[in-house]
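Q: Following is a predicted model, sequence given first.
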Amino acid sequence: MILSLFFFFFLLDSITGTCPKGTVSDPYSNKWKCLAFITPGKLYLTADGFCNDEYHGHLTSVENGFVNMYITQNAVTAFMNETVKRFWIGVNNVGGSGWTDMDGSNATYFNWGPSQPAASTGSNGCVSVDLRGSWYNDDCFTNYPYACEVSDPGDQPKIPPQPLTAT
């Protein structure tokens, strides 16, 4: 019986620590998350809406340089058959009060490209990333592919536990 309980909790832990199909785990993030790289491109807010609808998440935040590099490397692989030059992440200054992540927290890491960030006026204020990992203050009404994050293992699809038999 004890062995069965141990196996059940081990199985439960392995299920909750696994990314949904079609996503990759981000081992460099300060929090647990999985990433999905999506094409075709969408407008910034439409892309974030898709992340919410499909993954109960949002466009990905980037906490540090390791995460930026990891996301960029996975984007290169995910978009290799596309004519992608940039993709959306979840950093913006749409409200004009500073750079924030889609979850509303202040962005603390930046990897701006040359002459960036450009002035955030009009429809600018959404961050795209090129395939070298440099960031750009971009027009939110541009269609780019994007990186979604699932930030809570509770949001993942789960396999229901199978009945255990005592041995």
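A: Nice, I can see it.

Q: What pairs with the biggest strand by length in the chain, parallel or antiparallel?
A: Longest strand of the chain, by residue count under DSSP state E: strand 34-42. Counting by DSSP bridges, the strands paired with strand 34-42 are strand 24-25 (antiparallel), strand 144-150 (antiparallel).

Q: next one: it to chain centre, how far?
A: Relative to the mean C-alpha coordinate of its chain, strand 34-42 is positioned 9 Å out (CA atoms, centre = their mean, to the nearest Å).

Q: Check which element follows it along the chain.
A: As assigned by DSSP states H and E, the chain's next helix or strand after strand 34-42 is helix 44-55.

Q: Compute the inter-axis angle for that following helix and strand 34-42.
A: For helix 44-55 against strand 34-42, the angle by axes from the mean of the first three to the mean of the last three CA atoms, to 10 degrees is 130 degrees.

Q: List of residues touching the helix or strand following helix 44-55?
A: Downstream of helix 44-55, the next assigned helix or strand under DSSP H and E is strand 58-59. Residues from elsewhere that reach strand 58-59 (CB atoms under 8 Å, 6 or more residues apart in numbering): 44, 47-48, 51-52, 88-90, 102-103, 146-149, 151. Bear in mind the C-beta positions are built from the backbone N, C-alpha and C, glycine included.
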